[in-house]
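S.K.: next come a sequence and a model predicted from it.
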Amino acid sequence: MTRTHTRTAARSAWRNWAGNVTARPARVVSPASAEELTEALREAARDGLRVKAAGTGHSFNATAATDGVLIRPDLLTGIREIDRAAGTVTVEAGTPLRRLNTALAREGLSLTNMGDIMEQTVAGATSTGTHGTGRDSASIAAQIRALEIVTADGTLLRCSAEENPDVFAVARIGLGALGVVSALTFAVEPVFLLTAREEPMTFDRVTAEFDQHVAENEHFEFYWFPHTGNCNTKRNNRSSGPAAPPGRVGGWVDDEFLSNGAFQVACSLGRAVPAVIPAIARISSRALSARTYTDLPYKVFTSPRRVRFVEMEYALPREAAVGALREVKAMIERSPLKVSFPVEIRTAPSDDIALSTASGRESTYIAVHLYRGTPYRSYFTAVERIMTAHGGRPHWGKIHTRDAEYLSEVYPRFGEFTALRDRLDPGRLFGNDYLRRVLGD
């Protein structure tokens with residue numbers, strides 16, 4: 001290992017994207033290969049230091065925090081192989097989703113589904129269960145066909161449905177608890193076009209028609225603006241073309257000026273003077289007009305997110321979601337809370353990953369946000385009480401207060417995950433306080 005390039009002493013603070021989590025690792029290591037990663041883990045074990053990997057820090061909780069060795073995958077990037085016959089791409093773990101998507105598009109290929117941002121690394125996004133919205137297509141982790149992980153004893157373990165299938169069944173969403181992922185193989189398909197239809201709609205209408213919208217569209221989501229009866233809906237469906245992206249001026253107005261620039265100002269004002277938030281919400285909810293455009297999938301699925309926030313998200317059984325959302329609306333209306341961010345609702349089909357939030361059940365996601373620096377505990381606690389009453393599963397990378405006792409009840413395969421963890425990391429080389437809370441000792 002070329003330590004002069006990959007290892008640095010550290011006691012300076014590491015912060016996540018939202019700025020709500022800080023850690024002071026003893027040292028930071030940036031391996032450039034799986035072999036260097038293996039050596040870094042062996043050194044950490046010899047020195048009695050725990051290890052965590054951190055990508056771009058887009059998790060809102062302390063899943064990546066450590067006072068030991070922080071693995072930064074900045075040098076573990078790039079595409080290893082494209083197998084057109086198998087319909088797969090193998091990529092280094094630290095590759096940002098943005099770079100993967102643009103590289104695939106140049107090759108005439110695409111992932112089937114995406115989340116709504118692409119700043120994360122592929123390993124960070126999949127390890128925490130990042131998802132978009134889809135009637136038939138599931139999370140990014142569900143598109144994994146094989147993965148390579150370095151375990152606590154320095155073993156480079158390759159797994160798929162055929163090779164180490166017991167590990168593959170669990171490790172696609174591994175929470176950083178099983179080892180450090182060094183490479184991932186994703187299913188890809190020939191690039192296609194999506195037509196997005198964005199349309200304002202009332203809360204009462206979209207909730208009454210929710211099942212219909214989900215059934216009729218490949219990808220459906222909507223945002224409800226608290227303190228109003230207004231929503232903005234988005235329907236994405238495959239198109240035969242031609243491509244018709246948003247106009248340069250119109251796209252800038254909607255995606256940059258309104259959704260980022262003006263929204264940043266509104267959030268700053270609302271944080272300083274909470275009483276104005278309902279009035280701002282009424283204006284904001286009417287500012288975005290209907291529009292339709294057609295473009296490459298990653299350009300339709302994702303949007304720039306320049307306004308920093310904190311977030312909590314729960315996955316509910318599909319049939320419980322509308323009722324739970326109405327409870328959230330009623331709670332906000334009868335409370336003194338002033339909520340500046342819209343509430344986001346998305347869906348996912350059932351999948352077969354042990355700790356996926358959609359494991360074994362069709363799911364609807366309800367996500368709540370607040371502007372960075374705004375006190376959030378009262379709001380998130382009240383929402384969480386509603387979510388857990390419906391058997392909700394918290395997003396692994398977002399704020400929540402659930403522990404192993406609760407999580408073992410809502411995940412039928414929880415014991416399968418913890419048993420594999422005991423086997424692969426009995427000494428808890430990859431442990432930290434967050435994992436102790438959500439997985440147990």
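M.R.: That came in fine, so what should we check first? Residues are numbered from 1 along each chain as shown.

S.K.: can you tell me the SS state at the closest residue in space to R42 that isn't next to it in sequence?
M.R.: Sequence neighbours aside, G154 is the residue nearest to R42 in space, at 4.8 Å (criterion: C-beta to C-beta, 6 or more residues apart in numbering). Placement of C-beta: from N, CA and C, glycine included. Going by DSSP: H, G, I helix; E, B strand; the rest coil, the secondary structure assigned to G154 is coil.

S.K.: isn't G154 up against T38?
M.R.: Yes. G154 is in contact with T38 according to C-beta atoms under 8 Å; the separation is 5.0 Å.

S.K.: those two - which one has more neighbours?
M.R.: Legend: neighbour count by other C-beta atoms under 10 Å for G154 and T38, higher for T38 (20 against 15).

S.K.: what packs against the helix or strand harbouring the more buried one?
M.R.: Assigned by DSSP states H and E, T38 belongs to helix 34-46. Judged by 3 or more C-beta pairs under 8 Å, 6 or more residues apart in numbering; DSSP states H and E, the packing partners of helix 34-46 are strand 51-53, strand 69-71, strand 144-150, strand 180-187.

S.K.: S33: neighbouring residues, count only.
M.R.: S33, neighbours per other C-beta under 10 Å, totals 14.

S.K.: sorry, that was for G48
M.R.: G48: 8 neighbours (other C-beta under 10 Å).

S.K.: same check, this time on the one 5 residues further on
M.R.: The tally of other residues near A53 (other C-beta under 10 Å) stands at 28.

S.K.: domain-wise, how is this structure divided?
M.R.: Here the domain parsing of the chain from automatic domain parsing is 79-191, 193-400.

S.K.: using TSV, lay out these together with mean pLDDT and distance to A32.
M.R.: Output for these, formatted as TSV (pLDDT from 0 to 100; distance: least, C-beta to C-beta, whole Å):
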stretch	mean pLDDT	distance to A32
domain 79-191	97	10
domain 193-400	92	26
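
S.K.: any idea which of those domains is most buried?
M.R.: Mean neighbour count (mean count of other C-beta atoms under 10 Å) peaks for domain 79-191 among the domains of the chain, with a mean of 20.

S.K.: quick check: end-to-end length of that one?
M.R.: Taking C-alpha to C-alpha, to the nearest Å, the first and last residues of domain 79-191 lie 17 Å apart.

S.K.: and for stretch 246-264?
M.R.: End-to-end distance for stretch 246-264: 22 Å, by C-alpha to C-alpha.

S.K.: those helices in the stretch 51-200 of the chain, which residues are they?
M.R.: Using DSSP state H, counting those that start in this stretch, the helices of the stretch 51-200 of the chain run over 97-106, 122-127, 165-171.

S.K.: quick one, which of those helices is nearest to F430?
M.R.: Among those, helix 122-127 comes nearest to F430, with 11.0 Å by C-beta to C-beta.

S.K.: export only the CA atoms of that closest one, formatted as PDB.
M.R.: Output in PDB follows, covering the C-alpha atoms of helix 122-127 (Å, rounded to 0.1, in the frame of the first residue of the first chain):
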ATOM      1  CA  VAL A 122     -22.800   3.600  -5.300                       C
ATOM      2  CA  ALA A 123     -21.800   1.800  -2.100                       C
ATOM      3  CA  GLY A 124     -23.200   4.400   0.200                       C
ATOM      4  CA  ALA A 125     -26.500   4.600  -1.700                       C
ATOM      5  CA  THR A 126     -27.100   0.900  -1.700                       C
ATOM      6  CA  SER A 127     -25.900   0.100   1.800                       C
END
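
S.K.: so how far is G57 from I140?
M.R.: I140 sits at a distance of 17 Å from G57 (criterion: C-beta to C-beta, to the nearest Å).

S.K.: V410 now?
M.R.: V410 sits 27 Å away from G57, going by C-beta to C-beta.

S.K.: and what of P412?
M.R.: 31 Å.

S.K.: ok, the two, which is more surrounded?
M.R.: Neighbours were counted for P412 and for G57 using other C-beta under 10 Å; G57 has more, 19 against 12.

S.K.: could you find the closest non-adjacent residue to that one?
M.R.: Here the residue nearest G57, using C-beta to C-beta, 6+ apart, is N16, at 3.9 Å.

S.K.: residues contacting the one you found?
M.R.: Listed by C-beta atoms under 8 Å, 6 or more residues apart in numbering, the contact partners of N16 are G57, H58, S59, F60, A64.

S.K.: mind checking the end-to-end distance for stretch 71-86?
M.R.: 31 Å.

S.K.: how far away from the center of its chain is that stretch?
M.R.: 20 Å (C-alpha atoms, centre = their mean, to the nearest Å).

S.K.: residues making contact with it?
M.R.: 6, 28-33, 37, 40, 51-55, 88-96, 99-100, 103, 107, 109, 121, 123, 145, 180, 182-183, 188.

S.K.: I'd like to know how far the residue nearest the centre of the chain sits from A65.
M.R.: Compute the mean C-alpha point of the chain, and by C-alpha atoms, centre = their mean the closest residue is T130, 2.9 Å away. Distance from T130 to A65, counting by C-beta to C-beta: 19 Å.

S.K.: stretch 223-239: how far from the chain's middle?
M.R.: Taking mean C-alpha positions (C-alpha atoms, centre = their mean), stretch 223-239 and its chain are 19 Å apart.

S.K.: likewise for stretch 196-205?
M.R.: 24 Å.

S.K.: now swap in stretch 203-220 and tell me
M.R.: 23 Å.

S.K.: what does that stretch contact?
M.R.: 113, 132-137, 194, 222, 224, 228-231, 233-238, 301, 318, 321-322, 325-326, 329, 347.

S.K.: let's see it at 7 Å
M.R.: 132-136, 222, 224, 229-231, 233, 235-238, 322, 325-326, 329, 347 (C-beta atoms under 7 Å, 6 or more residues apart in numbering).
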